[in-house]
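In: Here is my input; please provide its structure:
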Amino acid sequence: MSTVVRQLKEVPEKSYVATSPFNGDVYTYRVTQSPVTYQTTGALAANVTGATALTCPAGTVLRENGKKLYPGAHNGVTTLMVGVFWNTAKTDTTTSNMLSGFIDPNSPKFALFSADRPNYMNVLPVDPTGGLADQSAPTLTNGTVIASGQVRSSTVTALTTVDGTPNTAALDVSLGQVFTLTTTKAVTITLSNPSPGAQVFLIVTGGGSHTITPGTNIKGMGTLTVASGSIYTLHYISDGTSLLEVSRTAAFTDTT
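Out: You can find the predicted model right below:
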């Protein structure tokens with residue numbers, strides 16, 4: 001039985017998960033006082049010691065430490081900032097791997113993470129059903145989603161060819177939007193989890209002269225014959241039952 005370190009049992013008010021490397025988005029706050037006027041001046045600076053792209057990667061969970069900086073109350077602060085800490089090594093007990101600083105909790109670099117997760121669980125657990133690492137909760141809304149940046153999946157999933165009669169490659173729409181397939185033989189693509197409105201972008205690279213056959217419920221322009229060393233892309237949208245082809249390209253003429 002593993003031992004839980006007592007001081008790590010308490011759960012902070014909120015946690016955040018980084019959507020991209022955040023070493024340039026975590027700050028220190030320094031207050032200096034003039035020896036002449038005794039006036040204090042505060043300043044934020046993105047200079048947390050040890051904060052690099054390696055110690056602040058996407059997927060890091062940051063937990064509030066109770067400190068807050070408010071505009072007006074704290075000199076040099078123009079937006080609410082919250083104090084956070086995170087473990088750079090994702091270990092359970094090595095406090096020397098902890099870093100801390102202030103973040104803008106409403107920055108697009110951070111998404112709200114469930115607070116129902118004890119501090120000692122530093123390694124992201126895996127969902128028992130989907131097999132995916134716990135990142136953050138999905139969003140369900142009847143309203144409009146407005147974004148100043150891209151709304152996208154950051155995962156690229158490679159399809160694996162399984163030998164058989166026919167050879168098959170399984171495309172699971174729940175794994176993301178972008179899929180790749182490098183053909184070394186003729187293959188039929190099989191489909192699962194075609195959720196309504198999902199878009200699929202398939203990048204096919206020819207490893208020989210072979211035919212790609214869309215399987216059941218993949219509807220469109222039929223088979224794709226690929227040439228060795230050539231690249232093709234196909235775009236689909238799902239109606240909840242099938243993938244419907246929106247477009248496909250001919251072999252790319254420029255692959256450098």
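In: so who does G208 touch?
Out: Listed by C-beta atoms under 8 Å, 6 or more residues apart in numbering, the contact partners of G208 are T183, T184, K185, S228. Just so you know, the C-beta spots here come from the backbone N, C-alpha and C atoms, and that holds for glycine as well.
In: Distance of it relative to T253?
Out: Look at G208 and T253: by C-beta to C-beta, to the nearest Å, they are 20 Å apart.
In: Repeat that for T183.
Out: Using C-beta to C-beta, one obtains 19 Å as the distance from T183 to T253.
In: more crowded one of the two?
Out: T183 (24 against 7; other C-beta atoms under 10 Å).
In: Ramachandran angles for that one?
Out: phi -90, psi 130 (degrees, to the nearest 10).
In: and it, what does it touch?
Out: Listed by C-beta under 8 Å, 6+ apart, the contact set of T183 reads T161, V204, T205, G206, G207, G208, H210, I212, V226.
In: Go again with 6 Å.
Out: For T183, the contact set (C-beta atoms under 6 Å, 6 or more residues apart in numbering) comprises G206, G207, H210, V226.
In: which of those residues are buried?
Out: Those of the contacts of T183 that meet the buried threshold are G206, H210, V226, by 16 or more other C-beta atoms under 10 Å.
In: can you list the weak-confidence ranges in the stretch 151-256 of the chain?
Out: For the stretch 151-256 of the chain, no stretch is flagged by pLDDT under 70.
In: residue ranges for the strands of it, please.
Out: Along the stretch 151-256 of the chain, the stretches classed as strands by DSSP state E, counting those that start in this stretch are 156-158, 161-162, 168-172, 178-183, 187-192, 199-206, 210-214, 218-219, 224-226, 231-238, 243-248.
In: can you list the ones you listed in TSV and add distance to A73?
Out: Output for the strands of the stretch 151-256 of the chain, formatted as TSV (distance: least, C-beta to C-beta, whole Å):
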stretch	distance to A73
strand 156-158	45
strand 161-162	61
strand 168-172	50
strand 178-183	45
strand 187-192	53
strand 199-206	46
strand 210-214	61
strand 218-219	58
strand 224-226	62
strand 231-238	50
strand 243-248	52
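In: of those, which approaches T41 most closely?
Out: Of all the strands of the stretch 151-256 of the chain, strand 156-158 sits nearest to T41, with 47.0 Å by C-beta to C-beta.
In: counting contacts, what elements does the closest one pack onto?
Out: strand 178-183 (3 or more C-beta pairs under 6 Å, 6 or more residues apart in numbering; DSSP states H and E).
In: to the chain's geometric centre, what's the distance from the strand it packs on?
Out: Put simply, strand 178-183 sits 20 Å off its chain's centre (C-alpha atoms, centre = their mean, to the nearest Å).
In: ok, that strand: who's next to it in the sheet?
Out: Using DSSP bridges, strand 178-183 pairs in its sheet with strand 156-158 (parallel), strand 199-206 (parallel).
In: mind listing the helices for the stretch 1-150 of the chain?
Out: Taking DSSP state H, counting those that start in this stretch, the stretch 1-150 of the chain contains no helices at all.
In: which stretches of it aren't confidently modelled?
Out: For the stretch 1-150 of the chain (pLDDT under 70), the answer is 1-13, 90-96, 114-138.
In: rewinding a little: return the members of the contacts of G208 classed as buried.
Out: T183.
In: Greatest separation within the contacts of G208: which pair is it?
Out: For these, the farthest-apart pair by C-beta to C-beta is K185 and S228; their separation is 12.1 Å.
In: Tell me how many other residues surround V84.
Out: 25.
In: Surely it and G66 touch.
Out: No: taking contacts as C-beta atoms under 6 Å, V84 lies outside contact range of G66: 10.0 Å.
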